[in-house]
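> Structural data only, the sequence is not supplied:
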């Protein structure tokens, strides 16, 4: 005998219960959104099967095999998509946060290093590759970014790649950016224990009560285990209403329940404090009344304003139970999308347009093989009784084998092989055209696939590869857009939730482990050091080759520079190698070449050498100072002697000047007397001449 599980009537949802009505309305809206989503889910499964090689309809393939006809799968979709995925995985992403308003350079550097730490913890490159593959193959990819408190009470930024078949974007959305959407749905099939672990023990009892009373929402809400051997009720089909399998331990028949989450915007009136000096605002909690806002503003000597804004409401239900219904702790939706191609609200992937040429290639290749097979074994024309030692059935089975020998009665006509139909001309070229169509539609050339002819030069290959990347620029540009959205969501989360002092560990560009302290209090009146919670930043996303590829390039460049004569240190070359003990070898080479950190003995010897050198320098300075003093005294003595000589020379010079002056004055007097005498003689001659001259006629 098994005990029956008893339920209290208080466990039943009451008629008119607001929460029950909320769950019912949520499930109705979800059902309407899921109906349109089912078409996408069907296509996504088909595209995923094509990538994996399941490209034939099972019924058609079984029919061909029954007829003995081949059904080949020449999966060029796999190689084409893998080339695109490889191009993405060969790049690594770096995010820079440029200060724009009320932000500093130290905060910018701290955010960049924090991004490195979060990306490393979440294995972001792998998550991004998974999301990119979803967008290329299944047309949609999603990253779920939110806070995780499972390992730390402070919380850590968590990124997770979600199955796009479980996420329903806003059907009315026309924008790539989820900030412009009105709502987003996601649903997960979880075991009862998983839901209990996340939302509490009370949930299990209420769900069991709803199902036992036949009031569950059916197959889109609850999945059950099979209860009949060979029955039609599979584990993926809910029994629906009016089925009550619960009686004691049979309650374990629930296999999974559907947990439905909806994030949507609602308008609400909020009040914000405004600093009249700086103009900065701080929003008060939702629900703060006008009178409360006025009192808070008066207390802090600031003003306040009220406005109507959009806030995210987060509602989680499971069947008739409301698990969560409140304002979201996040400013925006947690989902970040990636679409390979996006045109006015209609995303498409790369595989969708490869389905038809891939099916054409498979069918033509199979038909071509079938024709070749029928040519090799076309059949025989045999006169009755002409075979000797074998029957017609044995000839049918053995007639296509190599080295067959047929013995026939000479009185009968020899067996004759039926002449097969000729292979239609051009059928091989049609299959080649199908393969070419796949490359042209996808934008992946033979150069990118690595199947170009060997005689093509390296420069030509690089040029063709760059031209091939032009056709893939749209998916790559959309990936850069998604990366920007991820960095924007990261900035939102760390500014809202990383408000305490933390020590961050990260790996820098040189693959060295580093640590950083953020939000460090420096005392009253001083701004916090590396404060990441304030300010506005512009986000710049840049890509570089993957670390291994980047190191290969750097290693080759370093070797080329050394061959060209550039003296690059040995430890720098080793830094870009792939040696297992690279760091240890680098340190050994540094020590050997003098670039490393000295040991304690070497430091002591260097210190003693420096002290001896300083002592010698001081002695030399003292000797030089004594020599300088002696020279100074000699110079002083010589100066005094020179001064005495200059004084004696000055007296002699004055005497000489007086003598010269007296001599010049005597010479001038004599010159003046001579002039007067000459003039007097000349006058006498002139007078004498005037007396002797005859008178004028």
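Received, thanks. Fair warning: this is a prediction, and the values are worked out from it, not measured in the lab.
> Report the secondary structure state of residue 269.
Taking DSSP: H, G, I helix; E, B strand; the rest coil as the rule, one finds residue 269 in the strand state.
> Just give the number of residues close to it.
Counted with other C-beta atoms under 10 Å, residues neighbouring residue 269 total 13. Where C-beta positions appear, they are placed from N, C-alpha and C, glycine not excepted.
> do the same with the one 10 residues further on
Here the count is done by other C-beta under 10 Å, and residue 279 has 8 residues near it.
> Phi, psi for it please.
When read as degrees, to the nearest 10, the backbone of residue 279 gives phi 80, psi 0.
> what's the pLDDT at it?
On the pLDDT scale, residue 279 is placed at 75.
> Kindly report the same for residue 659.
70.
> Need the three-state assignment for it.
helix.
> Walking through the stretch 201-350 of the chain, point out its helices one by one.
202-212, 290-299 (DSSP state H, counting those that start in this stretch).
> Could you point out which of those sits nearest residue 114?
Proximity of the helices of the stretch 201-350 of the chain to residue 114 was assessed by C-beta to C-beta; the nearest stretch is helix 290-299, lying at 31.6 Å.
> Can you get me a residue count around residue 33?
For residue 33, the tally of surrounding residues (other C-beta under 10 Å) stands at 19.
> That one and residue 258, how far apart?
Here residue 33 is placed at a distance of 13 Å from residue 258 (C-beta to C-beta, to the nearest Å).
> Same question for residue 111.
Residue 111 is 38 Å from residue 258, by C-beta to C-beta.
> Just want to know which of these two has more residues nearby.
Under the criterion of other C-beta under 10 Å, the comparison of residue 111 against residue 258 puts residue 111 first, with 28 against 21.
> Just to be sure, the more buried one is in a strand?
No - going by three-state DSSP, the assignment for residue 111 is helix, not a strand.
> Can you give me every residue that contacts it?
Counting by C-beta atoms under 8 Å, 6 or more residues apart in numbering, residue 111 makes contact with 97, 491, 494, 532, 537.
> Restricted to helices, list the residues you listed.
Mapping the contacts of residue 111 onto helices (DSSP state H) picks out 491, 494.
> Going by distance to residue 396, which of the contacts of residue 111 wins?
Nearest to residue 396 among the contacts of residue 111: residue 491, at 75.9 Å, using C-beta to C-beta.
> ok, that closest one - how many residues close by?
Neighbours of residue 491 (other C-beta under 10 Å): 19.
> Tell me how far it lies from residue 108.
11 Å.
> Now the common contact residues for the two.
Common neighbours of residue 491 and residue 108 (C-beta under 8 Å, 6+ apart) are 97, 537.
> which residues in the stretch 501-650 of the chain form helices?
In the stretch 501-650 of the chain, the helices defined using DSSP H, counting those that start in this stretch lie at 547-563, 570-575, 582-593, 600-692.
> Tell me the one of the contacts of residue 111 nearest residue 211?
Nearest to residue 211 among those, with distances taken as C-beta to C-beta, is residue 494, at 42.6 Å.
> what about that closest one, neighbour count?
Neighbours of residue 494 under the rule other C-beta under 10 Å: 21.
> Lowest mean pLDDT across the helices of the stretch 201-350 of the chain, which one is that?
Across the helices of the stretch 201-350 of the chain, helix 202-212 gives the lowest mean pLDDT, at a mean of 75.
> Against which helices or strands is that one packed?
Helix 202-212 sits against helix 192-199, strand 254-274, strand 321-327, with contacts defined as 3 or more C-beta pairs under 8 Å, 6 or more residues apart in numbering; DSSP states H and E.
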